[in-house]
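Asks: What shape does this take:
(one chain, ligands or ions: 1)
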Amino acid sequence: MDEAVARLVLWTSICEIPMRILLVEDNPDLADAVTRRLRRSGHTVDWEQDGLRASGLLEYERFDLVVLDIGLPRLDGIGVLSRMRERGDATPTLMLTARADIEDRVNALDLGADDYLGKPFDFREFEARCRVLLRRPRAQAASVVRIGPLSLDHAARRATLHEQPLELPRREYSLLEILVGQLGEVIDKQELANRLFGFHDVGGPNAVELYVGRLRKRLGHDALRISTVRGVGYLAEAVETPAAHDG
Ligand code: CA
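Replies: All right, here's what the predicted structure looks like:
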């Protein structure tokens, strides 16, 4: 590891925020090692071995980071990335390339990869590069949503209630973001579980109940009402604020 990388590792280890990561890698040993490292840092990791399946998953699931190998069965990493960018999906993507293949790297960057790493790689460098990408604000999410006294800043992943910061752990924030994004719609509890915990994580519907309970407590009664829809899931609605009548 050279000095620049060492500095990068030091700088980026200061702040660790757990995120949801999709790893697309067809080498099971490498995938296993990467998954372990990322999970040890508290991240939720979904693993796909096949490019076409990964591409399908990316169409309806949101991730904070995609780690994408180039040589993959059915659809290669370049194909997965170009489909993402064509859809307007700007999820930060770290490409894994064969060390010698300059052409692959150039292709990947031209198509909108955020960074690349040649195989074989040093895990400390891999983690440092992931951290840099995870901390980069997402261009497409630079909006602030307001619901009465509640305000959500998607870019900063911060919420305030009555102008006071709401200290929300990452999953509670993600839950709030999903509920606010589908205001007035019933959201299936299993879908919430998938989006919050990843397909292979322990969590599931019972954990969703726990997080909804916590979020209700933090929000109180004057911004967002989160109702339980028996046997289905949850419904979030804006709480009507009493309007001033002018005679
Ligand atoms: Ca491969």
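
Asks: Stretch 28-39: which residues count as buried?
Replies: The neighbour-count check on stretch 28-39 (16 or more other Cβ atoms under 10 Å) flags 30-31, 34-35, 37-39 as buried. In this view, the C-beta of every residue, glycine as well, is placed from N, C-alpha and C.

Asks: Distance check, the closest residue to the ion within the chain against Glu48.
Replies: Residue of the chain nearest the ion, by Cβ to the ion: Gly71 (3.6 Å). With the distance defined as Cβ to Cβ, to the nearest Å, Gly71 ends up 14 Å from Glu48.

Asks: Pick out whichever of these two has more residues nearby.
Replies: The neighbour comparison of Gly71 against Glu48 (other Cβ atoms under 10 Å) goes to Glu48, with 23 against 17.

Asks: So the more buried one versus Gly56, what's the distance?
Replies: Taking Cβ to Cβ as the measure, Glu48 and Gly56 are separated by 9 Å.

Asks: what about the helix or strand where Arg39 lies and the ion, touching?
Replies: Remark: Arg39 resides in helix 28-40, with elements defined by DSSP states H and E. No. Using Cβ under 5 Å from the ion, helix 28-40 stays clear of the ion, with a minimum separation of 8.3 Å.

Asks: what does that helix contact?
Replies: If you take Cβ atoms under 8 Å, 6 or more residues apart in numbering as the criterion, helix 28-40 is touched by 21, 23, 25, 45, 47, 49, 67, 119, 123, 126-127, 130.

Asks: Give me the helices and strands touching the top helix by length along the chain, please.
Replies: Residue-count comparison of every helix in the chain, with assignments taken from DSSP state H, identifies helix 204-219 as the longest. Based on contacts counted as 3 or more Cβ pairs under 8 Å, 6 or more residues apart in numbering; DSSP states H and E, the elements that helix 204-219 packs against are helix 170-181, helix 189-197, strand 224-229.

Asks: okay, the angle between that helix and helix 189-197?
Replies: Calculated by axes from the mean of the first three to the mean of the last three Cα atoms, to 10 degrees, helix 204-219 forms an angle of 80 degrees with helix 189-197.

Asks: ok, residues contacting helix 204-219?
Replies: 150, 161, 166, 168, 171-172, 175-176, 179, 189-190, 192-193, 196-197, 226, 228, 234.

Asks: What pLDDT does the model give the spatially most central residue of the chain?
Replies: Central residue check for the chain by Cα atoms, centre = their mean: the C-alpha nearest the mean position is that of Asp64, 2.8 Å away. Reading off the confidence values, Asp64 has pLDDT 89.

Asks: tally of neighbours for the residue lying closest to it once chain neighbours are set aside?
Replies: Of all residues not flanking Asp64 in the chain, Met19 sits nearest, at 3.8 Å (Cβ to Cβ, 6 or more residues apart in numbering). The criterion is other Cβ under 10 Å. On that basis, Met19 has 22 neighbouring residues.
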